[in-house]
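Colleague: what would the 3D arrangement of this be:
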Amino acid sequence: MTEHKPSDAGKETLHSRICSDFEKKILSGEWPPGYKIPFEHELVEMYGCSRMTVNKAITALVDEGLIHRRRRAGSFVARPKIQSVVLEIPDIQTEITGRGQPYGFELLSRKRRYAQKRKPEEMELGADTPLLALRCLHLASNRPFALESRLINLNAVPEAEGITFEDVSPGHWLIEHVAWTKAQHRISAISADEIQAEQLGIALGSACLLLERQTWRGGEGITYVRQLFPGDAYNLVARFSPSFG
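Modeller: Sure, this is the predicted structure:
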């Protein structure tokens, strides 16, 4: 009697379906960063497939950076890393505590509004999309470290409207709760205006480093942020290696 085995096409279809299911759960926020993925034997039973098919799907998502594996602990939704070829910008709270300094945070303003048509970076979040506008001050050892202005797309992250952001910075909260697929940042030098100088505790016209960042999930904008640092308070470090090819 001839033994009938599942075709490679069928296996590939099921592998793609598992990947698609996981991507939807991660990118929709149903599975937030740090969420523990079901064990492989549970997924085998859930999808009615071989362990090899499940492992192949998880490996593909690990390669995409959506999932990471911990030895003996299982697989988890990855926490996004903000970086480019020559620059890595960590979460400000993590940066300050990593220096051994006490971190502080002050919410200066919080309001709901829509994008300003004359600002293309805001329009990318959606012309008729409700936005949560936040302005806050990050402190290191009780001294101003960075001034932040942030917009969050409430259609993409509706749960943000229920967060006061009085006890947690919006950037840190987003990293912990919202997955994203693409980020872009721009760096420039500006002179502090009167309001910025007063809030940062520096002289009017002092040199500052401005970091602007946008993040997307699929084609949907999540957040746009401007972070202003006194010029003598923040360093950008890049490490290079020659490319041989």
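Colleague: spatially nearest residue to the spatially most central residue of the chain, not counting backbone neighbours?
Modeller: With distances taken as Cα atoms, centre = their mean, residue 175 lies nearest the centre of the chain, 4.7 Å away. Once flanking residues are discounted, residue 175 sits nearest to residue 91: 5.5 Å by Cβ to Cβ, 6 or more residues apart in numbering. Heads up, the C-betas are built off the backbone N, CA and C, glycines and all.
Colleague: quick one: list the elements packing against the lowest-mean-pLDDT helix or strand in the chain.
Modeller: Taking mean pLDDT, DSSP states H and E as the measure, the helix or strand of the chain with the lowest value is helix 8-27, at a mean of 75. With contacts taken as 3 or more Cβ pairs under 8 Å, 6 or more residues apart in numbering; DSSP states H and E, helix 8-27 sits against helix 40-47, helix 51-63.
Colleague: how far off centre is that helix?
Modeller: 24 Å (Cα atoms, centre = their mean, to the nearest Å).
Colleague: okay, the angle between that helix and helix 40-47?
Modeller: Put simply, helix 8-27 runs at 110 degrees to helix 40-47, going by axes from the mean of the first three to the mean of the last three Cα atoms, to 10 degrees.
Colleague: could you count how many residues lie near residue 56?
Modeller: 17 (other Cβ atoms under 10 Å).
Colleague: now residue 200
Modeller: 21.
Colleague: repeat that for residue 96.
Modeller: 21.
Colleague: name the helices or strands packed onto the helix or strand where it lies?
Modeller: Secondary structure assignment for residue 96, by DSSP states H and E: helix 92-98. Under the contact criterion of 3+ Cβ pairs under 8 Å, 6+ apart, helix 92-98 touches strand 103-113, strand 131-140, strand 143-153, helix 170-177.
Colleague: of these, give the one that comes closest to residue 187.
Modeller: strand 143-153 (13.6 Å; Cβ to Cβ).
Colleague: which residues touch that closest one?
Modeller: Strand 143-153 is contacted from outside by 92, 96, 115, 122, 125-126, 129, 131-139, 160, 169-171, 174, 196, 199-202, 220-230, 233-234, using Cβ atoms under 8 Å, 6 or more residues apart in numbering.
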